[in-house]
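J.: Here's my sequence, what's the structure:
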Amino acid sequence: MSGVVSALVIVAVAGWTLLRQFSARPLSARWWLLPAILAVLALRGGSLLDARHETLSAEVLTAELVLGLVLGAGWGWATRIWREPDGTPWSKGTRATAFVWAGGLVLRAALWAVGAAAGLEQSTDGLLLALAVTLLARGGVLAWRLEGLPLHAGPAGGPGDRSPAAIGPVDGIRTPTAGKDLP
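T.: Model prediction:
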């Protein structure tokens, strides 16, 4: 895939994911599908490493993948999850999610700048693979967290209810009911 097409895919996937993240939505059982497609596209691109600086480009790629893993896990923990009375899992991003996104963009830009300063020829395939790792880590953390929620764990009943199913993982704000936005 050409660099321009890869860049467009990255911007489209990141934008689509970001927009969807901040509205209450049911979670899909196929959370792994988009990351798998992105990883295949990145690996088929054939330009993950700079042939002139293989060791250094492998180190930068490894740092990008580790960063993607950490950011994806943080994003998964910063996302509020709950189950509706029928057992359907839902999620919605929080303010902490926005901070994880912003921090991730800054760190990725810094890593890209370090590679450019070192003279690496960087392709979008590495960024596409890191995005796949980020989405896979987020989905894995959410799936793991959902296993701990009972099937009947919906929004809490009263203002004093502090059960784990009733509050967000980070900020302690109560979960909304389906179709209702948070303040």
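J.: Can you list the low-confidence ranges for the protein?
T.: Residue ranges of the chain with pLDDT under 70: 1-3, 6, 152-183.
J.: Who are the packing partners of the helix or strand hosting Leu111?
T.: In this assignment (DSSP states H and E), Leu111 forms part of helix 95-117. Judged by 3 or more C-beta pairs under 8 Å, 6 or more residues apart in numbering; DSSP states H and E, helix 95-117 is in contact with helix 3-21, helix 54-78, helix 124-147. Glycine gets a C-beta too; all of them are placed from N, C-alpha and C.
J.: okay, the angle between it and helix 124-147?
T.: Counting by axes from the mean of the first three to the mean of the last three C-alpha atoms, to 10 degrees, helix 95-117 lies at 160 degrees to helix 124-147.
J.: Not counting helix 95-117 itself, show me its contacts.
T.: Under the contact criterion C-beta atoms under 8 Å, 6 or more residues apart in numbering, helix 95-117 has outside partners 18, 21-22, 57, 60, 63-64, 67, 71, 74-75, 78-79, 122, 127, 130, 134, 170-171.
J.: Just give the closest residue to Val141, not the sequence neighbours.
T.: Ranked by C-beta to C-beta, 6 or more residues apart in numbering and with sequence neighbours excluded, the top spatial neighbour of Val141 is Gly76, at 2.7 Å.
J.: Check the gap between that neighbour and Ala132 for me.
T.: 15 Å (C-beta to C-beta, to the nearest Å).
J.: before we move on, what about Leu56?
T.: Distance from Leu56 to Ala132, by C-beta to C-beta: 22 Å.
J.: So these two - more neighbours on which side?
T.: A direct count of neighbours by other C-beta atoms under 10 Å for Leu56 and Ala132 places Ala132 higher, at 25 against 15.
J.: Many thanks, we can stop here.
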